[in-house]
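1. Got a predicted structure here, sequence first:
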Amino acid sequence: MRRKFVSLAKSTAVALAVLASGFALTTPASAAQPSTVTAAPASTAAGIRFTWNGDLHSGDCTLFHGASWTLNPDGTASFDGTVTSSDDNDAWLMWVHVLDRNGAELGLLGNTFPNTPDGNEFAKNLPDSSLQYRWFATGHFPANWYGLIGTLRMDYHC
């Protein structure tokens, strides 16, 4: 019984540390499932900015800290990030969920210029493993969500 309590206490301490760091990261059950990360908002003159303060890893790919989505009152969204892979001919894939202040999902950002059959998927090809790629993407969402936005959750994988 004591071991279960110690294990629970350690798990609780780790969970609190992750929450205090500003984002939560979960590990996928299998390589086919995307990883997930959630970011809290910061208001800017242009809109609401969500920035990931740590590097995100999936397979051979890394999205570097400082990557951010900005959501604007007119229903437009913009992404700015840098991504790389340790293997040639990879791709970073992501889906961005918009959540309200209570954590309920409003829906997914749409890709303004989708290059995949999934209009909600954002993809960046990474042909050369010796390079880092600056990635700018644009998306959209119903403008009436703007006043409800609480957080973003990004599913991603390489």
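-> Received it, and whenever you're ready, just let me know what you need.
2. what residue ranges in this protein score low on pLDDT?
-> In the predicted model, the chain carries pLDDT under 70 at residues 1-45.
3. go again using 80 as the cut-off
-> Across the chain, the ranges flagged by pLDDT under 80 are 1-46, 115-116.
4. Where do the helices of it begin and end?
-> Per DSSP state H, the chain carries helices over the ranges 2-20.
5. Going along the chain, name the strands of it.
-> Residue ranges of the strands in the chain, as given by DSSP state E, are 23-26, 35-39, 41-43, 48-51, 56-58, 61-63, 68-71, 76-85, 90-100, 105-108, 110-111, 122-126, 133-140, 149-157.
6. can I get the ones you listed in JSON lines with mean neighbour count?
-> Quick note: C-beta positions are derived from backbone N, CA and C, even for glycine. Putting these into JSON lines (neighbours: other CB atoms under 10 Å) gives the following:
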{"stretch": "strand 23-26", "mean neighbour count": "15"}
{"stretch": "strand 35-39", "mean neighbour count": "19"}
{"stretch": "strand 41-43", "mean neighbour count": "12"}
{"stretch": "strand 48-51", "mean neighbour count": "19"}
{"stretch": "strand 56-58", "mean neighbour count": "18"}
{"stretch": "strand 61-63", "mean neighbour count": "22"}
{"stretch": "strand 68-71", "mean neighbour count": "22"}
{"stretch": "strand 76-85", "mean neighbour count": "20"}
{"stretch": "strand 90-100", "mean neighbour count": "20"}
{"stretch": "strand 105-108", "mean neighbour count": "14"}
{"stretch": "strand 110-111", "mean neighbour count": "20"}
{"stretch": "strand 122-126", "mean neighbour count": "20"}
{"stretch": "strand 133-140", "mean neighbour count": "16"}
{"stretch": "strand 149-157", "mean neighbour count": "19"}
